[in-house]
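> Turn this into a model:
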Amino acid sequence: VGCGRSRTDCAGSAMAPLAVFIVFFGPSPPWMPLTLHSMSLNAQVKFVVIGDAAAPDVVPPNVVFEHISYAAMQARLSQLLLPGNTSSVRYNWTYKANDIKPFAPALYPQHVAGYEWWAWADMDMVFGDLLRFMAHAVTRPACCKVQLRADGQPQSANKVNVYQHKEACPCDPGAQVNVISPLYPNPWRKKVWGPFTAFRTGLGTELFRESPHWRSILATNKYAHFDEWWGPFHDLGWETMGDVVTRLAEANGTVILSKVKLPYAEAKSCRDTACMFCPCGAMRLRLRPGQLAVNERDVMLLHLAESKLAWLHSPSVAQLPAWSPPEPLSAPMSSPWGGCVQADNLGWMNRTCGATCTARAPVWDPTSQAGQLQHATRLSRHRVFSRWAGHIKYAARADEAASHAVQVGACPPLELERARTGGGGNV
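Numbering: from 1, shown residues only. Just a heads-up that it's a prediction; the model follows:
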């Protein structure tokens, strides 16, 4: 990716590798120190956090906070709709801010100038070694332009389904990946993911304009899932960014994705019957320089998703110190930000699978040893596929969150020492 990998010196490159935009309005979440730490470990990536919360007293040098009130953001979006207009965008809830992510480079062009890639991301993320995984992704381009039927669908779905057909989407020599989505490849050819999707700046920093509905999406107070491949507006025929990227890939051929099945993780139920391919089952993480391991699998990133309520009710999270720069190796460790950080109990193993399973589903023994739990919840590329996957639960109520609170802090001493001295390799 540009100058290369996260441990490569980019000083001689004409372009910086990646700028990641996050749009979030409301108080800073309790996992913010961990997210900042994961950002700091991606030292060659710039993170731009846009919102109304005050920046922490100390932030990593590669993180920029753009402070703006929600009212002022709406005025800027009104200007984007019609120059000179400051009042046509009116939102009364902050979750709508997710629709703003695809507009971020247009609103803050100074932060993408000179960068090879830009990306959007959610706030409830823990980042692994982004550039290492992106450098792997660009090695296998997927060129999916094909003949389409009158309804806009491919004449042969097999020719564009690289998930199931390795020979699909062949490229000529020199083809260059310009969109990277951890969700892709997948069985239904969806090409963006709301929690994180990256684009080469050469493809464009105002791709939202490719959607004929972008003005209507900005104007409505309803969350349109503009950053996603799914949602009620998509079902009504509005082009979200997922639809835009699919059209530009399959009809125009201007978008080239990657055939690499990147590992990534999400703390989400594995029994979401609406999406039995989606990432799920994240229960624990270990973050150290050069690696994020989730359920013992090295992954590109983790979306905290359904674990957030447990973070809000966790005593150990409440005691988590603010992020601070790593201390010298010779200094005593006074915070978890000097090496390896772990978080457990993102979810828990329920005794039974519940209503989504049959009566023949096994019963989990809560006295099982840690090794048995690790085996039962092993992550594949992005999901837990064992027979125990349906037993993984996430807190949906305050009492569940209090009973199954996230435990976060420094890794055990051996793991901590391995992280500080660079030993250990992959988990």
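
> Any buried residues in the top helix by length along the chain, and which?
Secondary structure assigned by DSSP state H gives helix 70-81 as the longest helix of the chain. For helix 70-81, burial by neighbour count (16 or more other Cβ atoms under 10 Å) applies to 70, 73, 74, 75, 76, 77, 78, 80. Every residue, glycine included, has its C-beta placed from N, CA and C.

> you'd agree the fifth one is up against residue 107?
Read it as residue 76. Yes. Between residue 76 and residue 107 there is a contact under Cβ atoms under 8 Å: 5.9 Å.

> Show me whatever sits in contact with both of those two.
Common neighbours of residue 76 and residue 107 (criterion: Cβ atoms under 8 Å, 6 or more residues apart in numbering): none identified.

> where in the stretch 201-350 of the chain is pLDDT low?
Regions of the stretch 201-350 of the chain meeting the criterion pLDDT under 70 cover residues 328-334.

> quick one, helices of the stretch 151-300 of the chain?
Taking DSSP state H, counting those that start in this stretch, the helices of the stretch 151-300 of the chain run over residues 214-219, 232-235, 241-247.

> Sort out which residues of the second one are buried, please.
Burial within helix 232-235, assessed by neighbour count using 16+ other Cβ under 10 Å, is assigned to 233, 234.

> Same check on the first one?
Neighbour-count burial for helix 214-219, counted by 16+ other Cβ under 10 Å, picks out 214, 217, 218.

> which element is residue 116 on?
Here residue 116, judged by DSSP states H and E, is contained in strand 115-121.

> ok, and what's touching that strand?
1-2, 15-23, 46, 101-102, 104-105, 112, 127, 134, 180, 195-202, 205, 227, 301.

> Which of the residues you listed are buried? Put it as a PyMOL command.
Typed into PyMOL, the line below selects the buried ones among the contacts of strand 115-121, using 16+ other Cβ under 10 Å:
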select buried, resi 1+2+16+17+18+19+20+21+22+23+46+101+102+104+105+112+127+134+180+195+196+197+198+199+200+201+205+227+301
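
> re earlier: for the record, mean pLDDT for the next helix or strand along the chain from the strand holding residue 116?
Where DSSP H and E defines the elements, the next helix or strand beyond strand 115-121 is strand 125-127. For strand 125-127, mean pLDDT rounds to 98.

> Quick check: phi and psi on residue 69?
Phi and psi for residue 69, reported as degrees, to the nearest 10, are phi -70, psi 160.

> any idea how far the residue nearest to it when sequence neighbours are not counted is from residue 109?
Nearest non-adjacent residue to residue 69, counting by Cβ to Cβ, 6 or more residues apart in numbering: residue 52, 5.2 Å away. As judged by Cβ to Cβ, to the nearest Å, residue 52 and residue 109 stand 21 Å apart.

> More neighbours: these two, which one.
Set residue 52 next to residue 109 and count neighbours by other Cβ atoms under 10 Å: residue 52 wins out with 17 against 11.

> got a pLDDT number for that one?
Residue 52 carries a pLDDT score of 98 in this model.

> can I assume it is in contact with residue 25?
Yes. Counting by Cβ under 8 Å, residue 25 is a contact partner of residue 52 at 5.2 Å.

> what's the overlap in contacts for these two?
Residues touching both residue 52 and residue 25 comprise residue 70, with contact defined as Cβ under 8 Å, 6+ apart.

> so where's the stretch 1-150 of the chain uncertain?
Regions of the stretch 1-150 of the chain meeting the criterion pLDDT under 70 cover residues 2-13.

> Would you map the strands across it?
Remark: strands assigned in the stretch 1-150 of the chain by DSSP state E, counting those that start in this stretch are 16-23, 45-51, 63-67, 115-121, 125-127, 141-142.

> Tell me which of these lies nearest to residue 395.
Closest to residue 395 of the strands of the stretch 1-150 of the chain, according to Cβ to Cβ: strand 125-127, at 18.0 Å.

> got a list of contacts for that closest one?
22, 31, 34-35, 38-39, 41-42, 45, 121, 195-196, 285, 287, 292, 301-304.

> how does it look with 10 Å?
For strand 125-127, the surrounding residues in contact (Cβ atoms under 10 Å, 6 or more residues apart in numbering) are 20, 22, 31, 34-35, 37-42, 45, 47, 121, 195-196, 265, 267, 282, 285, 287, 292, 294, 299-305, 341, 343.

> filter those to the buried ones?
20, 22, 31, 34-35, 37-42, 45, 47, 121, 195-196, 265, 267, 282, 285, 287, 292, 294, 299-305, 341, 343.

> Which residue is the nearest non-sequential neighbour of residue 142?
Using Cβ to Cβ, 6+ apart and skipping residues adjacent in sequence, the residue nearest residue 142 is residue 169, 4.0 Å away.

> Hmm, I typed the wrong one, I wanted residue 95.
Counting by Cβ to Cβ, 6+ apart, residue 223 is the residue found nearest to residue 95 once chain neighbours are left out, at 5.7 Å.

> what about that neighbour, neighbour count?
Neighbour count for residue 223, taken as other Cβ under 10 Å: 19.

> Hmm, residue 98 and it touching each other?
Yes. Between residue 223 and residue 98 a contact is recorded at 6.3 Å, counting by Cβ atoms under 10 Å.

> Would you map the helices across the stretch 301-427 of the chain?
With DSSP H, counting those that start in this stretch as the criterion, the stretch 301-427 of the chain has helices at 308-312, 315-318, 370-376, 398-403, 413-421.

> ok, back up a step: the residue nearest to residue 142 is in contact with residue 157, isn't it?
No. Using Cβ under 10 Å, residue 169 makes no contact with residue 157, being 11.8 Å away.

> any common contacting residues for those two?
By Cβ under 10 Å, 6+ apart, residue 169 and residue 157 have these common neighbours: 146, 189.
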